[in-house]
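**Q** generate a structure from the sequence data that follows.
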Amino acid sequence: MAKQKDLPAPEQGLVLTHFLTVRDVHVSSRFYADILGGEVVLAENPGIVKIANGWIIMNPGGGPTPDKPEVVLTAPEPGDPVSSFLNVRVADLAAFYEQATAKGARFLTEPLDRKAELRCYLRDPDGYLVEVGQATGMLHGVFADPSPADGG
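**A** Presented below is the predicted three-dimensional model:
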């Protein structure tokens, strides 16, 4: 049985978690445990992986429930637009990239220098986008150039 300190169950205040609708809780839990160095603290109903100072909670999709009427949860399908993503910050992106690649992670690109930060992206087994970055320039007041959509 998981200990309270390992679960997102604060004795006071709040904690912030991230919920993912997944196709296979075991496969997704292993991905987040292996690639991000998390610990599976609850195998299912829901699956919970503790990672650093946060948790990812996972369950299969489903129809409305009494506490969320008219809400249907589904994992993303290939080609779906992305409206949010997990943002992970590391102290050494080169080391993380090397270790994660050795464990089978498939990144969209190698880490790129965006002036404010180094960053790269990968997808989890359900297709969720995960950004992995390392603050660099922003620590010294250097930020990324505005995107064309911002008028830059």
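
**Q** which residues touch Leu36?
**A** 49, 51, 88 (C-beta atoms under 8 Å, 6 or more residues apart in numbering). Where C-beta positions appear, they are placed from N, C-alpha and C, glycine not excepted.

**Q** one more time with 10 Å, if that's ok
**A** 49, 51-52, 54, 56, 86, 88, 90, 96, 100, 105, 124, 130, 132 (C-beta atoms under 10 Å, 6 or more residues apart in numbering).

**Q** pull the most distant pair out of those residues.
**A** Largest separation among those by C-beta to C-beta: Gly54 and Ala105, giving 18.7 Å.

**Q** show the model's pLDDT score for the residue positioned nearest the centre of the chain.
**A** Geometric centre of the chain, nearest residue: Leu86, 3.5 Å, by C-alpha atoms, centre = their mean. According to the prediction, Leu86 has pLDDT 96.

**Q** which strand or helix spans the spatially closest residue to Ala100 that is not a sequence neighbour?
**A** Distances taken as C-beta to C-beta, 6 or more residues apart in numbering place Ile35 nearest to Ala100, at 5.2 Å, with adjacent residues excluded. Assigned by DSSP states H and E, Ile35 belongs to helix 25-36.
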